[in-house]
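>>> Just to be clear, the model below is a prediction. Sequence and coordinates:
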Amino acid sequence: MAFRSREMMKKILNKIGGEQKLAPGVKEELKKYVPDRKIVMGRAHRGLYAGKHIQFGNRVSEDGGNKTRRSWKPNVQAKRLFSYILDRHIRVKVTTHALRSIDKAGGIDEYLLKTPYQKMDTEMGIQWKTKIEKMYSDLRDMEVVFFSPESEEKIEEEFNQLKLEKKAFRREARRKMYGLPPKQDLIKEAKEDKREPSTEDSSSHADFHEPMVATA
């Protein structure tokens, strides 16, 4: 085991209460789920790096071949990846290598399920992997119910009716908030305004026709 793996095993055993409380064979099983890499960047614990971490080497000059120490950091991007099991986007920092691995696997869920724990060398990756595995196992035990087309149409109508009622409630709440009259009062006022000029027009027409009849 690498140094980092040994340190993680020590933390796990301390939280449990010592190696004496473990059943025989459990320690060997735990080693399968502990990453086996030596160097892991501190910020890699908050993202998915897919094994790409800081590397060290020498910068060699062209003239004299002088060597100076330098480091190479991975190309890290902040992305929003959609998870089908969570039904929402996940904001996560990933390397370009991890993005290619996710695209090849078919999505963030498939990548986390297919990648073994030993290669999932960041704590965030291990946490998401265990969470998604638990959710998939719960889905497997759930019963699937299929609705008939008539039931689906009825459910859709009720849902649309609920949306209309929600819009009407929000509209009335806005009117009360800003002190506006209800919609029914506005309709009545508009109807009354339309009726008043029609009576005036009819009376004017009657007054205009009376002298015409008298002259004839």
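Okay, I see it.

>>> What is the end-to-end distance of stretch 57-69?
In stretch 57-69, first residue to last residue: 6 Å (Cα to Cα, to the nearest Å).

>>> quick one: contacts of that stretch?
56, 70, 71, 72 (Cβ atoms under 8 Å, 6 or more residues apart in numbering). Just so you know, the C-beta spots here come from the backbone N, C-alpha and C atoms, and that holds for glycine as well.

>>> How much space separates the last one from residue 158?
If you measure residue 72 against residue 158 using Cβ to Cβ, to the nearest Å, the figure is 59 Å.

>>> again with residue 61
Counting by Cβ to Cβ, the gap from residue 61 to residue 158 is 76 Å.

>>> now do residue 95
47 Å.

>>> Name the residue in those two with the higher neighbour count.
residue 95 (21 against 10; other Cβ atoms under 10 Å).

>>> isn't that one right up against residue 50?
Yes: Residue 95 lies in contact with residue 50 (Cβ atoms under 8 Å); the separation is 5.9 Å.

>>> what about the strands in this structure?
Assigned by DSSP state E, the chain shows strands spanning 47-48, 55-60, 67-72, 76-83, 88-95.

>>> Tell me the strands beside the first one, with direction?
Read that as strand 47-48. strand 88-95 (parallel) (DSSP bridges).

>>> quick one: the strand it pairs with to strand 76-83, angle?
Comparing the axes of strand 88-95 and strand 76-83 via axes from the mean of the first three to the mean of the last three Cα atoms, to 10 degrees yields an angle of 150 degrees.

>>> Identify the residues contacting strand 88-95?
Residues contacting strand 88-95 (Cβ under 8 Å, 6+ apart): 43, 46-50, 52, 74-83, 102, 108, 124, 128.

>>> again with stretch 130-145
Contacts for stretch 130-145 (Cβ under 8 Å, 6+ apart): 83, 85, 86, 109, 112, 113.

>>> next one: phi and psi at residue 65?
phi 70, psi 20 (degrees, to the nearest 10).

>>> Report the separation between it and residue 58.
The value you get for residue 65 to residue 58, if Cβ to Cβ is used, is 10 Å.

>>> Residue 142 too?
Residue 142 sits 57 Å away from residue 58, going by Cβ to Cβ.

>>> what's the answer for residue 126, then?
Distance from residue 126 to residue 58, by Cβ to Cβ: 34 Å.

>>> the more surrounded of these two?
Set residue 126 next to residue 58 and count neighbours by other Cβ under 10 Å: residue 126 wins out with 18 against 9.

>>> The more buried one is in contact with residue 115, isn't it?
No: counting by Cβ under 8 Å, residue 126 does not reach residue 115; the two are 10.0 Å apart.
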